[in-house]
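Visitor: Task: produce atomic coordinates for the following.
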Amino acid sequence: MVLDCTEIPLQKPKNLESQLLTYSHYKGTHTAKVLVCETPGGLISYVSPAYCGRSSDTHITKESGLLEKCLPFIDSVMVDKGFLIDELCCEHKVKLVRPPFLRKNTQLSKFDAANNQSIAAARVHVERAIQRMKLFRILRDNFSADLLPQIDDVVVIIAGLVNLFKSPLFSNDKFFNWFNTLLDRT
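Guide: From the prediction side, this is the model:
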């Protein structure tokens, strides 16, 4: 499975504590953060509950309990370079696949370069799935504070819709046009 986290912009919370918890230095705004898991076949198989924007990928992965559902010594997870879940994977005996790191003033070996290219090609699918989820204005624009209690349900429903209307049923252009037409009607 391929893992990635994404941030959903939020309306600025009214109380100071919530402002501190949701402020993402990476995005420069208030966000909620979810973990998205995609199967090798390209379907979104899991979306975590939403966490405060300050939460690390490691924290969300641990708290979600996703790795506890993996089969030891059988399942593997693919992540990007900054996704630091080495210890969690070791603890749950799940193989971790990550692009090789390039050391200072060194060049990747031919094997590492080919491996890096394969991982990048597989990871692009989860990034596209997240991109399609964000076609929905509710996840792209500042998520309403009034709807915050329903954010988990909203994200899961949108992930399901993305799975239903995934290529090859629609090319990316048709998919974007279809969703824009749908959104304009609401």
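Visitor: gap between residue 74 and residue 42?
Guide: 20 Å (C-beta to C-beta, to the nearest Å). Every residue, glycine included, has its C-beta placed from N, CA and C.
Visitor: Between those two, point out the one with more neighbours.
Guide: Higher neighbour count among residue 74 and residue 42: residue 42, with 15 against 9, using other C-beta atoms under 10 Å.
Visitor: What strand or helix carries the more buried one?
Guide: For residue 42, there is no helix or strand it lies in under DSSP states H and E.
Visitor: Break down the protein into its strands, ranges please.
Guide: 2-9, 23-24, 29-38, 44-47, 51-52, 76-78, 95-97 (DSSP state E).
Visitor: Report the strands that pair with the longest one, each with its relative direction.
Guide: Pointing back at strand 29-38 there. In the sheet, strand 29-38 lines up against strand 2-9 (antiparallel), strand 23-24 (antiparallel), strand 44-47 (antiparallel), strand 51-52 (antiparallel) (DSSP bridges).
Visitor: any chance of those in JSON lines, plus distance to residue 137?
Guide: Rendered in JSON lines, the data for the strands paired with strand 29-38 read as follows (distance: least, C-beta to C-beta, whole Å):
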{"stretch": "strand 2-9", "distance to residue 137": "11"}
{"stretch": "strand 23-24", "distance to residue 137": "20"}
{"stretch": "strand 44-47", "distance to residue 137": "18"}
{"stretch": "strand 51-52", "distance to residue 137": "22"}
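Visitor: Looking at those, which is nearest to residue 114?
Guide: When these are compared by C-beta to C-beta, strand 2-9 sits nearest residue 114, at 18.4 Å.
Visitor: now that closest one: mean pLDDT?
Guide: Averaged over strand 2-9, pLDDT sits at 95.
Visitor: how much space is there between the nearest residue to residue 98 once chain neighbours are set aside and residue 147?
Guide: In space, residue 98 comes closest to residue 79 once its chain neighbours are excluded; the distance is 5.4 Å by C-beta to C-beta, 6 or more residues apart in numbering. Here the criterion is C-beta to C-beta. By it, residue 79 lies 30 Å from residue 147.
Visitor: Looking at the two now, which is surrounded by more residues?
Guide: Just comparing residue 79 and residue 147: by other C-beta under 10 Å the higher neighbour count belongs to residue 79, 24 against 13.
Visitor: The more buried one reaches residue 35, doesn't it?
Guide: No - the criterion here is C-beta atoms under 8 Å, and residue 79 misses it with residue 35 at 10.5 Å.
Visitor: intersection of neighbour lists for these two?
Guide: Jointly contacting residue 79 and residue 35 under the rule C-beta atoms under 8 Å, 6 or more residues apart in numbering are 3-4, 57.
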